[in-house]
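Engineer: no sequence on this one, just coordinates:
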């Protein structure tokens, strides 16, 4: 599938991309530790990311549920394609910024040309200032291609503006608060009932197309087991059901209402249902919750970080892994060791990667800002401990053993290391591109491709 | 002073800038709350930033100390010029990434043409992979224009590479650990003595030019008063003196050794010495510490965040302000209110600005990620509380009163607000440009200029 050359690309970009051909010419073929590769750099392991994406596609296919991929973690066309699958005829995406939707246009036109229907959900509650840009995206992709998130009646006038400007209505998800208290309306609150009433009234007037209910258990990141994640997914489904119970029945006469549920931990947990590694009440209970009246309801799973994974996701233990769960993390941060401080009370080293390069996002498993991977460390005695980024400033981090405070660090000035970040979405946000390697290839350290990364708003 | 057109600009940029003319054409003349201004956006108040810069220049001038401006907070030529002063003949800067040094070249060539000497310090300990790019910068600006930071003997071979490649030596600061345990060597450690011995030996061979000692009391951010900050500045000077006491005396025969000291709180504290608002032992003790043997030593103050300020800096109370200290914060984040949740146990609202837009940096004064400014709020009853960003995700934040948990929020869906971020260096890092307004002008809300912002490494 090739991108259509006739696609209208948004005008000169306020947030210009790094030039892909220039990046490829400069970096493809070099090993990651080559001095010509500027560090810090964000590295994606293609085999690992592909495996993560394929596992999710296999799981939703086996369960016969729909899937909607969030692109906010990586912000690239290339990984979006892996999330969706090359031959998908039902492409559903979520973006966290309008600029992501604009940047997706060439890829989505490619899918349309190949016969697919496409839909992009702007995943933050709709603001009036976004209407004109969302209308442009919708007009480019066609009626039904843009869905927005609604959780307050005062957002509804923007939908009327959308309709007036686009000539067709936007699709609408109602955001249901699953207890995270981020965006969303309580499923049984008076506000939910009032909002549904207004939405159905606007749908009657042709000003919107009601698509269904959307929930996201952000607090599933606090879980510690597949059972925790499966229970949280069940909760996500239950709050959608509860919200739907308040809507007038006639609203759904002619179409199926979508329950869109998921967060990476809860979405990862469905892979356990296929693995045969899970038993017990949580799985049984989840399978019952997922069983919907197919004539009236459609279950859609959504997730984003699962494609790359990170220390936070590993810490939820939501998915069973056959080997070391860290081997499924596709994103690492390449950085240079700059100094060693063996004289300190606890031996430390300095790496030129700080808050901008790694993000300052906690992980409940340990008190640090990233974990050094075993990449290119010589085989040797097992010190029974791991190297972590224990403190960070804007552009540098302090490395230390997590527990072993007496042993000198096995590092050299100028050495390149790779770090598993805590939160992939934030760690990658400072980079203009990803260096793509393939750990399953004959030259696992060599840059195979460079993927420019979108940013801005 | 205009930038020289003959300056060699580094080749096609891997991290391209947003186009300044396009940005100006799009945004200049619009009020900040205009729907055509995409949010979130980073806003700089020119009058406030200028006043912050001028106050620092006045203080160092009155004290007859040198000054070195860090540009990592804002990463623009325009604000660098305000930090340095239009007519400076002794331009000293610090960068946190080599790309900042490369982007500074046109501005610095302008200063050189106007008769100034220029020097750029790369502020993170030197890595071998940086030598080729730093040599390019040094060759463009001339001998003596590049200084590097050294805190380990294993960094020294890179200086020999620099000399061999540039044809002249780099200047060297030795980083002294003032107790923050970030970069730096303890002033009286065996490592300091060994490092100084090697450095003096290399200087003898012509492989480097010793510039002096550099200290940064990062823990001054924990201070709570001008006295705290002044004491910390005194500590920064003392550790430089202590380190210098170990160097063989003959090393300094023919030049003055620089003590470069400062962090924004400690540097801000010197402004108190001029204000007449400070008395007591801390001021007297600091003044004594600052009194150096002028024939042998030169005191240089360095700082960066002071130009914009933020909630963290206000929380240190390092500088005396005549009015509300928040009025001296020049950086605000413009964002759109998207939803209201009056039904929650504590009334909340959603703003479309999260970790990427604000940074996840703590402030010791309160538990939130930003404070809503009074901009465009109607005059009304004083609720005795302030609105804060109480929780954040990637692209959204939850607003609430800091203490008053029962009152509904005075916000509307679609309303634009401005937020004081906790840490300006990180909050601004996601933006491609700054919208520049001038609160002292007749149209304080109208965009006067747009300044592209550098990023990357």
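Structural biologist: Ah, there it is. This is a predicted model, so every value here is computed, not measured. Numbering: from 1, shown residues only, chains lettered A, B, ... in the order given.

Engineer: hey, where'd the helices end up in chain A?
Structural biologist: A:20-27, A:46-63, A:77-84, A:98-113, A:131-141, A:156-166, A:190-204, A:226-244, A:264-275, A:281-290, A:311-316, A:355-358, A:424-427 (DSSP state H).

Engineer: What sits closest to the most centrally placed residue in chain A if chain neighbours are left out?
Structural biologist: For chain A, the residue nearest the mean C-alpha position is residue A:304 (2.2 Å; Cα atoms, centre = their mean). In space, and not counting its chain neighbours, residue A:304 is closest to residue A:70: 2.8 Å by Cβ to Cβ, 6 or more residues apart in numbering or on different chains. For the C-beta atoms, the positions are set from N, CA and C on the backbone; glycine is no exception.

Engineer: now the one you found: how far from residue A:80?
Structural biologist: 10 Å (Cβ to Cβ, to the nearest Å).

Engineer: how does chain A divide into domains?
Structural biologist: Under the assignment automatic domain parsing, the domains of chain A span A:46-316, A:330-430.

Engineer: Need those in CSV (columns: mean pLDDT).
Structural biologist: Converted to CSV, the domains of chain A look like this (pLDDT from 0 to 100):
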stretch, mean pLDDT
domain A:46-316, 93
domain A:330-430, 94
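
Engineer: Output these as a markdown table; include the columns distance to residue B:406.
Structural biologist: Rendered in a markdown table, the data for the domains of chain A read as follows (distance: least, Cβ to Cβ, whole Å):
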| stretch | distance to residue B:406 |
| --- | --- |
| domain A:46-316 | 17 |
| domain A:330-430 | 30 |
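
Engineer: does residue A:126 really touch residue A:161, like I thought?
Structural biologist: No. The pair residue A:126 / residue A:161 is not scored as a contact, 10.1 Å apart, by Cβ atoms under 8 Å.

Engineer: Who has more neighbours out of these two?
Structural biologist: Comparing residue A:126 with residue A:161 by other Cβ atoms under 10 Å in any protein chain shown, the one with more neighbours is residue A:126, at 26 against 16.

Engineer: Can you tell me the closest non-neighbouring residue to the residue in the stretch 151-300 of chain A that chain B sits nearest to?
Structural biologist: Nearest residue of the stretch 151-300 of chain A to chain B (Cβ to the nearest Cβ) works out as residue A:154 at 3.7 Å. The shortest distance from residue A:154 to any non-neighbouring residue, by Cβ to Cβ, 6+ apart, is to residue B:413 (3.7 Å).

Engineer: Next, count neighbours for the one you found.
Structural biologist: For residue B:413, the neighbour count with other Cβ under 10 Å is 22.

Engineer: Could you tell me which residues touch both of residue A:70 and residue A:80?
Structural biologist: Residues touching both residue A:70 and residue A:80 by Cβ atoms under 8 Å, 6 or more residues apart in numbering or on different chains: residue A:93.

Engineer: neighbour-wise, which of the two wins?
Structural biologist: Ranked by neighbour count (other Cβ under 10 Å), residue A:70 and residue A:80 place residue A:70 first, with 27 against 24.

Engineer: Show me what the more buried one bridges to in the sheet.
Structural biologist: Beta-bridge partners for residue A:70, by DSSP bridges, are residue A:94.

Engineer: Enumerate every residue touching it.
Structural biologist: Contacts of residue A:70 by Cβ under 8 Å, 6+ apart are A:93-96, A:123, A:302-305.

Engineer: from memory residue A:129 sits against residue B:338, does it?
Structural biologist: No. Residue A:129 is beyond contact range of residue B:338, at 9.9 Å (criterion: Cβ under 8 Å).

Engineer: shared neighbours, those two?
Structural biologist: Residues touching both residue A:129 and residue B:338 (Cβ under 8 Å, 6+ apart): residue B:414.

Engineer: count of neighbours near residue A:227?
Structural biologist: Using other Cβ under 10 Å, residue A:227 has 20 other residues around it.

Engineer: swap in residue A:412?
Structural biologist: Using other Cβ under 10 Å, residue A:412 has 10 other residues around it.

Engineer: Direction-wise, compare the strand of greatest length in chain A with helix B:190-204 and give the angle.
Structural biologist: Looking across chain A with DSSP state E, the single longest strand is strand A:331-341. Here the directions of strand A:331-341 and helix B:190-204 differ by 90 degrees (axes from the mean of the first three to the mean of the last three Cα atoms, to 10 degrees).

Engineer: Going by contacts, tell me the helices and strands next to strand A:331-341.
Structural biologist: strand A:41-45, strand A:348-351, helix A:355-358, strand A:416-421, helix A:424-427, strand B:117-125 (3 or more Cβ pairs under 8 Å, 6 or more residues apart in numbering or on different chains; DSSP states H and E).

Engineer: Residue A:293: neighbouring residues, count only.
Structural biologist: 7.

Engineer: Ok, residue A:182 next?
Structural biologist: Using other Cβ under 10 Å, residue A:182 has 21 neighbouring residues.

Engineer: can you pull the contacts of it?
Structural biologist: Contacts for residue A:182 (Cβ under 8 Å, 6+ apart) come out as A:216, A:218, B:350, B:391, B:393, B:396, B:398.

Engineer: mind checking how far residue A:361 is from residue B:346?
Structural biologist: As for residue A:361, its distance to residue B:346 is 24 Å (criterion: Cβ to Cβ).

Engineer: ugh, typo on my part, it should be residue A:307
Structural biologist: Counting by Cβ to Cβ, the gap from residue A:307 to residue B:346 is 35 Å.

Engineer: of those two, who's got more company?
Structural biologist: The residue with more neighbours, out of residue A:307 and residue B:346, is residue A:307; 26 against 14, by other Cβ under 10 Å.
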